[in-house]
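Peer 1: Sequence first, then the predicted structure:
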Amino acid sequence: MSDLLANLNPEQLQAVTLPPQHALILAGAGSGKTRVLTTRIAWLISTGQMGPHAVLAVTFTNKAAKEMLARLSAMLPINTRGMWIGTFHGLCNRLLRAHHKEAGLPSLFQILDSADQLSAIKRLLKNLNVDDEKFPPRELMHFINAHKDQGLRPAQAEVWDDYTRRRVELWAEYEGQCQREGVVDFAELLLRTYELLSRNEPLRRHYQERFRHILVDEFQDTNRLQYAWLKLLAGHDGTAGAPQGAAVFAVGDDDQSIYAFRGAEVGNMRDFEREFGVQNVIRLEQNYRSHGNILDAANALIKNNQGRLGKNLWTDQGAGEPIRVFEGFSDLDEARWIVDEARELIREGVSRDQIAFLYRSNAQSRVLEHELFTKGVAYKVYGGLRFFERQEIKHALAYLRLLANPDDDTAFLRVVNFPTRGIGARSLENLQEAAHRSNSPLYNAAASLTGKAGAAVGAFIRLIEELRRETENLPLPEVVEHIIERSGLRQHYLGEKEGQERLENLDELINAAASFIAEEGAMPVPDPATPDAPLPSPLASFLAHASLEAGDHQAGDGQEAVQLMTVHAAKGLEFDVVFISGLEQGLFPHENSVMEKSGEEEERRLMYVAITRARQRLYMSHAQTRMLHGQTRYCVPSAFLDELPQELLLRVNARSTPAYDNSYSRSPRAAAPVTAYESAAPAGLRVGQNVSHAKFGQGVIVATEGRGADARVQVNFGAAGMKWLALEFAKLTPL
DNA sequence: TGGAGGGGAGTTTTT
DNA sequence: CTCCCCTCCA
C-alpha cells in the first residue's frame, strides 16, 4: 500500500486518502487526475474500506474507462472484470440489459447510434408524410436529443409556438416508433435508466445500498440528466427513506469545459458542491506536463473568464522556450511555415507523433494536409469515419441485428435490398404502408405483400430465418463470418472496383468479434449483486459494443506521423510540440460563438485546452487572408493573442528569417485576389484596407457593398466584433 | 438501379 | 470552393 501512495504530491495524496465523504477535485490540465482517480479506488479497496463491487466509476469515453481499468489492474491483484467502471452509456446499457423487463424493453433491444437515429427519424417523417424541408431531420434529432439530455419527455417539453408543438408531437411519434422496434438511442439509455431507478424503489434501493463510492471523471462535462442520474444513484435525490448514500468523488476542471454546445453544464460543479454540501474541495495545480512559459500563458488567458472556481497551474520544470507566434500573409503561407518548422524539428530528432497541428475547425486541415503531402511528411488526421461507422460494417451489423431482433426496421431497411435483390423503392413503400396500417414491424408485414415484390421480400425473410437457424449454435466470430458469406456481402464487394478495402474491413469485423469474445464476452460474469439477472448473449453484447464503441478514429498508416486534429479532439492528449493555427477573429474565437451566451468564454477555455496540450514547444499562428467558403477573407489576429503576456511571446516574422525570404511570402495585397465586390468599392476603401474607427478601434475591411450614399463596408474590428458601417455616417480613417 | 448533376450548407462531437 | 445529399433520368 505504501507503494500505492508513493510519489503522490501532497494534494494528490490528500485527495486519494480522503475519508468516505463527498469531494470535488479541481484537477488542472496535466495534474495527474487519472492517477488520483484510480489510486483512490485502489486505496479504498486495498485498505478494506470497500469491496470491488461497491464502487461505481463513470467516465465519458471508452478510452478513459479502459485506461482506468488498465491502471487499476496494474495496481491491485484483483480481477477488474465485473467491476462497475465504464462510460455513462455503457453502465446504463448494463443496467438495462439486467433489468430490461422492468424497464419495458425487449431482452435484445438494440442501440441506435447517431446515424441510425437519423435514418429512423427520416423514415418516421416519410411515413407520416411530414415535409422534411419544414422539419429538417437533423434539426429534429437535435431537438429531441437536447430535450432528453435535460431529462425531459414530450409531455414535459415547453411549447412556445406551433412549430415547436409539432416538433414535440413528432418526438412523441419517434418515441413510439423506437418502442415498437425495440431500439433505444444514446440519450434513451440514460433517460430510461434514470426513470427505471426513480420509479422502481426496490431496484433503486438495491443499487443505492450497493454503491458506497461513486467516482466521476470529467465532471465538468456532465449534462443535466447525467447529474440527476448520479444524484439518484448516490441516494441524494431527496427520496423519502433513501438509505445513506454513496460518497461521490467528482473530478473535473471547469476551465476545460468545452462541450456546452452538446449539453454539458459546468454549473453542475457548483451545484454539486452546494447540494451535496461538499466539504472537501481539493485543487490539483501542480502540472507535470508543460514548461513554465506555456503554463503562464494558459493561466493569463483563462484569468479573463468570469466565475471560475479558480486555479493556477504551476510547474517546477523551468520556463522553457518562448511561445513562437507567426503571422502569415495567407493561410497557405501559414501552412508552409508550420510545415517547414515541423520538418526542421523532425530533422532535429523530434518524433513526428510528438508534433500536433491543432485547429478550431476541421476545414482548416485541408491546407495543412496539402502542404504536408507536398513536402512528403507523414501525417495522420483524426476525426474521420470510425471502424463501426463504415458502410460495409454497418451492413454486416444490420444482418446481425435482424438475427437478434427482427423488429428493428432500421436494420431491415438497410439490408433488405443490399446486396440488391430486386426489391425496389416501390415495393418498400408498399411494405412500409402495410406495416404502418397493421402497426407491425416490416419483418412481419412482409407476409402481406403479394406478387413479385412479395416473393422477393419473402425470399429475404427466408434468408434471415435460415441465417438464424444456421448460426444458432455457432461461436460469434463464425456467426459473423457466416452472415458475411451468406448475405452476399462478400460477393458484392468482390465485384466492386473499390471493394478491396471493404473486404478487408469485413474480415476485420470477424477479428473484432473474436477479440471481443476473448476479452469480455467469453463467459459473461454474473453480477454478484443481481445473480438472477439474465446474462446477455454474446451477439447482443457484441452489437451493443459496436454501437457504444465505434472504434478508433481512422488512424491512417501505422507509421510515425504528425498528428492533425481539432482542439476538441486534442482534449486529454499531450505532445512535445504543438502548433495552433488560424488564430484569427471569427475563426478562433469562432464567429458563431459570439452569438451564444458565454460563447466567448467557452472559446477561451478551448484556447486554454489547446495551449495546455504542449509539453515543450508551443507555436501559434494566424494569417492575414484565408480562403473560406470559396472566398478570400481578410482576417485580424485573434483577441486571445493579445491576452497572452507579450513577454512570453517570440514574434517570428517570415521576412526576418532568411529561409522564408521571398520563397513564398508575397506581398499581402498582391496575394489577395480581387473580390467581386471590390469594383463597387468607393475609392480609398478597399477590401483588405486597415482602418481606424473612433469607437471600435482598429479593424480591417472585409467586404464592401453599394455606391455613393448607399455604400457600406463590413469591418472586422477584432475584439469589438464584425460591423457593417455606412460610409456616409461612419468616420473611418484609412491606416 | 445507379450515376450524374443540381442545390445548399459549411464550429466544435462522445456515446 | 468543396462536400454531401437528394432527385431525376436513362
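Peer 2: The structure has been received and is ready for your questions.
Peer 1: What residues does the stretch 501-650 of chain A have near DNA strand C?
Peer 2: Counting by Cβ under 7 Å from any atom of the strand, the stretch 501-650 of chain A comes close to DNA strand C at A:M627, A:H629, A:G630. Bear in mind the C-beta positions are built from the backbone N, C-alpha and C, glycine included.
Peer 1: Can you select the buried ones from these in PyMOL?
Peer 2: Command for PyMOL that selects the buried part of those, burial taken from 16 or more other Cβ atoms under 10 Å:
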select buried, chain A and resi 627
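Peer 1: Of the residues of the stretch 501-650 of chain A next to DNA strand C, which belong to strands?
Peer 2: A:M627 (DSSP state E).
Peer 1: so can I have CSV of the residues of the stretch 501-650 of chain A next to DNA strand C showing pLDDT and distance to A:R180?
Peer 2: Listed next are those as CSV, based on pLDDT from 0 to 100; distance: Cβ to Cβ, whole Å:
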residue, pLDDT, distance to A:R180
A:M627, 92, 48
A:H629, 89, 42
A:G630, 86, 45
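Peer 1: could the residues of the stretch 501-650 of chain A next to DNA strand C go into CSV alongside distance to A:E218?
Peer 2: As requested, those are exported to CSV (distance: Cβ to Cβ, whole Å):
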residue, distance to A:E218
A:M627, 35
A:H629, 34
A:G630, 38
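Peer 1: Within reach of DNA strand B, which of the residues of the stretch 501-650 of chain A next to DNA strand C are there?
Peer 2: With Cβ under 7 Å from any atom of the strand as the criterion, these include A:H629, A:G630 near DNA strand B.
Peer 1: And the residues of the stretch 501-650 of chain A next to DNA strand C, which is closest to DNA strand B?
Peer 2: DNA strand B has its nearest neighbour among these in A:H629, at 4.0 Å by Cβ to the nearest atom of the strand.
Peer 1: can you dump the C-alpha coordinates of stretch A:98-109 into CSV?
Peer 2: The C-alpha coordinates for stretch A:98-109 follow below in CSV (Å, rounded to 0.1, in the frame of the first residue of the first chain):
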residue,chain,number,x,y,z
ALA,A,98,-30.1,-6.8,-16.5
HIS,A,99,-33.5,-5.3,-15.8
HIS,A,100,-34.9,-5.0,-19.3
LYS,A,101,-38.3,-6.2,-18.3
GLU,A,102,-38.7,-3.7,-15.6
ALA,A,103,-37.5,-1.0,-18.0
GLY,A,104,-40.1,-2.1,-20.6
LEU,A,105,-37.6,-3.2,-23.2
PRO,A,106,-37.1,-6.5,-25.1
SER,A,107,-34.2,-8.5,-23.9
LEU,A,108,-32.3,-8.0,-27.1
PHE,A,109,-33.0,-4.3,-27.5
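Peer 1: quick one: average pLDDT of it?
Peer 2: Confidence for stretch A:98-109, expressed as mean pLDDT, is 95.
Peer 1: repeat for stretch A:28-43
Peer 2: 96.
Peer 1: thinking again about what came up before, out of the residues of the stretch 501-650 of chain A next to DNA strand C, which is nearest to DNA strand C?
Peer 2: A:G630 (2.4 Å).
Peer 1: what about the closest one, distance to A:A363?
Peer 2: Using Cβ to Cβ, to the nearest Å, A:G630 is found at 11 Å from A:A363.
Peer 1: try A:S438
Peer 2: 47 Å.
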